[in-house]
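1. Provided below are the primary sequence and the corresponding predicted coordinates.
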Amino acid sequence: MSGVVPFSPELPSVILASGTSSTSIALGNKAGTSESVPTPQGYPTFPGGFSVQVVNSGTATVQIAFGSGAATATSASGVMVLGNTTRVFGVNPNITHLAQIASASGNNIYATAGQGGT
């Protein structure tokens, strides 16, 4: 029987201002290294990957997408994150960027790479 594993951040949060055009940001680096994603540390998360906590701090709904390199989000194919919510996503180890597109400007999207959150 598996239990709930709390989210454990491993990289500093990055902030992406929302807008009506797709923009993306790198998920961050560990201080003093070129490693851009956390290494698994025994948490039962997405196999071989890591977790990303995404916080939408505004009232507008945003669509997000993950990618290796600069990603692009679209309103037709992005994953919806409602306003004033937090979600945790399991992603594969090749993911380095988060992209967003929103129906309105004014939100900040905070993304933190880590482990757990299941």
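-> Perfect, I can see it now.
2. got the residue ranges for the strands in the protein?
-> Taking DSSP state E as the criterion, the chain carries its strands at 8-9, 14-17, 23-26, 50-56, 62-67, 79-81, 85-91, 97-102, 108-115.
3. TSV for the ones you listed, including distance to residue 73?
-> The way it works is simple: take the backbone N, C-alpha and C, and place the C-beta from them, glycine included. Formatted as TSV, those follow (distance: least, Cβ to Cβ, whole Å):
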stretch	distance to residue 73
strand 8-9	23
strand 14-17	10
strand 23-26	8
strand 50-56	12
strand 62-67	4
strand 79-81	8
strand 85-91	13
strand 97-102	4
strand 108-115	10
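4. need the ones you listed in CSV (columns: mean pLDDT and mean neighbour count).
-> Shown next, in CSV, are the strands of the chain (pLDDT from 0 to 100; neighbours: other Cβ atoms under 10 Å):
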stretch, mean pLDDT, mean neighbour count
strand 8-9, 86, 16
strand 14-17, 91, 15
strand 23-26, 90, 18
strand 50-56, 93, 22
strand 62-67, 94, 22
strand 79-81, 95, 16
strand 85-91, 93, 16
strand 97-102, 93, 24
strand 108-115, 91, 21
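5. and the closest residue to residue 28 other than its chain neighbours, how many neighbours?
-> With sequence-adjacent residues excluded and distances taken as Cβ to Cβ, 6 or more residues apart in numbering, residue 28 is closest to residue 11, at 4.2 Å. For residue 11, the count of nearby residues is 20 (other Cβ atoms under 10 Å).
6. next one: residue 72
-> Residue 72: 16 surrounding residues under other Cβ under 10 Å.
7. wait, isn't it in contact with residue 65?
-> Yes - between residue 72 and residue 65 there is a contact at 6.4 Å, judged by Cβ atoms under 8 Å.
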